[in-house]
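1. Need a 3D model of the sequence below.
(one chain, ligands or ions: 1)
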Amino acid sequence: MALVKKMLHLYLRRLSEKAENRRSLLRAAAFHKHSAGQPPPAAEENALPENRVPSAAATGRDTPAKTLNEMPGPNTISNIIEFFYRDGFSRIHEIQQQHSKKYGRIFKSRFGPQLVVSIADRDMVAEVLRAEGVAPQRANMESWKEYRDMRGRSTGLISAEGEDWMKMRSVLRQLIMRPRDVAVFSDDINAVVADLVTRVCQLRRKQPDGLTVLNVNDLFFKYAMEGVSVIMYEQRLGCLEERIPQQSLEYIAALHLMFSSFKTSMYAGAIPVWLRPFIPKPWREFCHSWDGLFKFSQIHVDRKLSEIRARLAAGEEVKGGMLTYLLVTKEMTVEEIYANMTEMLLAGVDTTSFTLSWSIYLLALHPQVQQRIYEEVERTLRPGQVPVSEDIPRMPLIRGLVKETLRLFPVLPGNGRITQKDLVVGGYLIPAGTQLALCHYSTSLDEENFPGATEFQPERWVRKDATDRVDNFGSIPFGYGIRSCIGRRIAELEMHLALTQLIQNFRIQVSPLTQVVRPKTHGLLTPGAPINVQFVDRL
Ligand code: HEM
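-> From the prediction side, this is the model:
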């Protein structure tokens, strides 16, 4: 116990040093901004973020903003108890709600000197995101960067910052950001959906009732991996086959390790370098899973590169999709392509598969809603017609189903930012360099934002006419603005096409083997227990 106390004490002291270093860096950055060798104004030089007192003139408001010292919130000790002793890491979504009820819609949390300002208010979230500059900074990416530096790897879109990020984002955004960019992949995705439907039939045959698919997330994980790979690598991986190829199995293992060690990798990020010799496992697993993920991407990128070289050598035309474009245009280096392929595949699999699992669960729990969606599909498509991207806008309930699922179970229950300039939010001055947590789970389930917030109502997203705005900063599961999810349109295409065909083919029912499934935070918001579902033929 004494050792634990001592380590905790040392840990807090190191955190304090780290925070002071960061302040020094900020002061240094401010110094450069004021350039020409002039030191920044004294007030800024001496300012410590938390006690800085802004003037009314500086905030542009009638009354001066309050300081962070005045902001309520849980202290270090209660946070340590909540997170480390009461396993708060698996209940981050609930803690958001509890804290915002107790302390208000903007509150601060402390881990030693590490301070996080949490915002659980729709309008304040909008204010923060609308005020973002040209390269918003994501929080807590240090461990990702450290791994990449250690292995001499590039950062990808998720982990890059500043100019590096801007350059990569501008290349990728022109390829996949708009619905019409991804519409061309409908046929490729539909080939994967056809395999998904076949696999449902194979799996349910293995169960005594001939109807149940156990743990649907396992199936959707493979579907999402196959779907995203067909777009990004221009290649099928065989994940929906009875016998999955060895290479794909190895990748799945690396992805599972990354995911199952997510909690430990959160510790990996939180555990300072000097403590690693005492607690080596999280960092070791973290590096091991990244090695596996990078290796997989590299194999596929290199294979495509060889194919392209061979065609060029034979004087043949080179045609292809996203990866071919990146390799041929050389707008990114090959290292940057490896990194982006790795990070996008990581970002695109669990997110999509969890959302599909929750959608199927909600449909099974609400047969009447399911019937209304089925009727919409039947009205829109001819019998047996395979939907393509262009059909989706004519099925607003399919879109509503995905939006409502992501409102009830936002796969990223919160998002992080480091503020890049002083902001006044909710009446408080938040100095540049402060870590923000945007509490999407809380705002999604707030009655003020969504009446009947705990109810499953896909209809709430259906516009009555062109002037009816149903968008709402209370639920922004893909983020908002310049740093929002770049894979959104890919994810939506995969989910819309798969759900439409599953609803066309099957009546979905909860299996007696499924208990009530509650969400759990595991890095992402995941089903806390297996979802077992019966797929009953419609015909
Ligand atoms: C249901 C599915 C998905 C959800 C809910 C989701 C959600 C998100 C969210 C909330 C962010 C952070 C945005 C921000 O910081 O403001 C993000 C970032 C990102 N997502 Fe997704 N995502 C999904 C699927 C995908 C897919 C399929 C891909 C890739 C094909 C992808 C690639 C990325 C990347 C690369 C980023 C980092 C963007 C950047 O920093 O510029 N995501 N996603």
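2. Find me the pLDDT at the closest residue to the ligand within the stretch 401-539 of the chain, would you?
-> Closest residue of the stretch 401-539 of the chain to the ligand, Cβ to the nearest ligand atom: Gly487 (2.0 Å). All C-beta atoms are positioned from the backbone trio N, CA, C, and that covers glycine. pLDDT for Gly487: 96.
3. Up against the ligand, what does the chain have?
-> Contacts of the chain with the ligand, taken as Cβ under 6 Å from any ligand atom, map to 138, 157-158, 169, 228, 343-344, 347-348, 351-352, 355, 406, 411-412, 415, 477-479, 483-487, 490-491.
4. Take these and keep only those in strands.
-> Among these, the members found in strands (DSSP state E) are Asn415.
5. Separate out the buried members of the residues of the chain next to the ligand.
-> Buried members of the residues of the chain next to the ligand, counted by 16 or more other Cβ atoms under 10 Å: 138, 157-158, 169, 228, 343-344, 347-348, 351-352, 355, 406, 411-412, 415, 477-479, 483, 485-487, 490-491.
6. Flag the shaky bits of this structure, pLDDT-wise.
-> 1-62, 112-113, 259-270, 470-471 (pLDDT under 70).
7. list the contacts for the spatially most central residue of it?
-> Nearest residue to the geometric centre of the chain (Cα atoms, centre = their mean): Leu412, 4.8 Å. Each residue near Leu412 by Cβ atoms under 8 Å, 6 or more residues apart in numbering is listed here: Thr351, His440, Pro477, Gly479, Leu524, Leu525.
8. List the beta-bridge partners for Lys108.
-> Val117 (DSSP bridges).
9. Against Arg91, how distant is it?
-> 19 Å (Cβ to Cβ, to the nearest Å).
10. Tell me the residue of the stretch 301-450 of the chain that sits nearest the ligand?
-> Counting by Cβ to the nearest ligand atom, the stretch 301-450 of the chain gets nearest to the ligand through Gly348 (3.0 Å).
11. Now do the contacts for the closest residue to that residue other than its chain neighbours.
-> Distance criterion Cβ to Cβ, 6 or more residues apart in numbering; nearest residue to Gly348, sequence neighbours excluded, is Val228 at 4.0 Å. Counting by Cβ under 8 Å, 6+ apart, Val228 touches Met344, Leu345, Gly348, Val349, Thr352, Gly487, Ile490, Glu494.
12. just curious, which of these is nearest to Leu68?
-> Gly487 (34.5 Å; Cβ to Cβ).
13. Pretty sure the closest one sits against Met344.
-> Yes: at 6.2 Å, Gly487 and Met344 qualify as touching, with contact defined as Cβ atoms under 8 Å.
14. hmm, back to that, so which of Lys108 and Arg91 has more stuff around it?
-> Lys108 (24 against 17; other Cβ atoms under 10 Å).
15. Would it be right to say that Glu307 lies in a strand?
-> No: assigned with DSSP: H, G, I helix; E, B strand; the rest coil, Glu307 falls outside any strand and is helix.
16. How many residues are close by it?
-> If we define neighbours as other Cβ under 10 Å, then Glu307 has 15 of them.
17. Closest one of the contacts of Leu412 to Cys287?
-> Out of the contacts of Leu412, the member with the shortest distance to Cys287 (by Cβ to Cβ) is Leu524, at 20.7 Å.
18. need the contact list for the closest one.
-> Taking Cβ under 8 Å, 6+ apart, one finds Phe262, Asp350, Thr351, Phe354, Val411, Leu412, Pro413 in contact with Leu524.
19. Same list, these, but as CSV with distance to Val184 please.
-> Supplementary listing: the contacts of Leu524 in CSV, determined by distance: Cβ to Cβ, whole Å:
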residue, distance to Val184
Phe262, 33
Asp350, 25
Thr351, 22
Phe354, 26
Val411, 26
Leu412, 27
Pro413, 33
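20. Walking through the stretch 251-400 of the chain, point out its helices one by one.
-> Along the stretch 251-400 of the chain, the segments classed as helices by DSSP state H, counting those that start in this stretch run 262-270, 281-313, 322-329, 334-365, 367-380, 396-408.
21. With distance to Asp209 as new columns, can those helices be given to me in a markdown table?
-> A markdown table is the format used below for the helices of the stretch 251-400 of the chain (distance: least, Cβ to Cβ, whole Å):
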| stretch | distance to Asp209 |
| --- | --- |
| helix 262-270 | 34 |
| helix 281-313 | 36 |
| helix 322-329 | 42 |
| helix 334-365 | 14 |
| helix 367-380 | 18 |
| helix 396-408 | 26 |
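22. Out of those helices, which is closest to Val182?
-> Per Cβ to Cβ, nearest to Val182 of these: helix 322-329, 9.9 Å.
23. Just the C-alphas of the closest one, formatted as PDB.
-> Taking Å, rounded to 0.1, in the frame of the first residue of the first chain, the C-alpha atoms of helix 322-329 are listed here in PDB:
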ATOM      1  CA  MET A 322      -8.700   5.300 -53.700                       C
ATOM      2  CA  LEU A 323      -5.400   3.500 -53.000                       C
ATOM      3  CA  THR A 324      -4.500   3.500 -56.700                       C
ATOM      4  CA  TYR A 325      -5.100   7.300 -56.800                       C
ATOM      5  CA  LEU A 326      -2.900   7.900 -53.800                       C
ATOM      6  CA  LEU A 327      -0.100   5.800 -55.100                       C
ATOM      7  CA  VAL A 328      -0.200   7.200 -58.600                       C
ATOM      8  CA  THR A 329      -0.600  10.900 -57.700                       C
END
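24. mind listing what's buried in that helix?
-> The neighbour-count check on helix 322-329 (16+ other Cβ under 10 Å) flags Met322, Leu323, Thr324, Leu326, Leu327 as buried.
25. I'd like the distance between the last one and Glu336.
-> In this structure, Leu327 lies at 11 Å from Glu336, with Cβ to Cβ as the measure.
26. what number of residues lie near Ser154?
-> By other Cβ under 10 Å, the burial measure for Ser154, its neighbour count, is 19.
27. what helix or strand is it on?
-> When elements are assigned from DSSP states H and E, Ser154 belongs to no helix and no strand.
28. and it, what does it touch?
-> So Ser154 contacts Arg148, Thr333, Glu335, Glu336, Tyr338, Ala339 (Cβ under 8 Å, 6+ apart).
29. swap the cut-off to 10 Å and go again
-> 148, 160, 164, 168, 332-340, 342 (Cβ atoms under 10 Å, 6 or more residues apart in numbering).
30. Neighbour count added to the residues you listed, as a markdown table?
-> Listed next are the contacts of Ser154 as a markdown table, based on neighbours: other Cβ atoms under 10 Å:
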| residue | neighbour count |
| --- | --- |
| Arg148 | 20 |
| Ala160 | 25 |
| Asp164 | 16 |
| Met168 | 23 |
| Met332 | 19 |
| Thr333 | 10 |
| Val334 | 15 |
| Glu335 | 16 |
| Glu336 | 21 |
| Ile337 | 24 |
| Tyr338 | 21 |
| Ala339 | 24 |
| Asn340 | 26 |
| Thr342 | 23 |
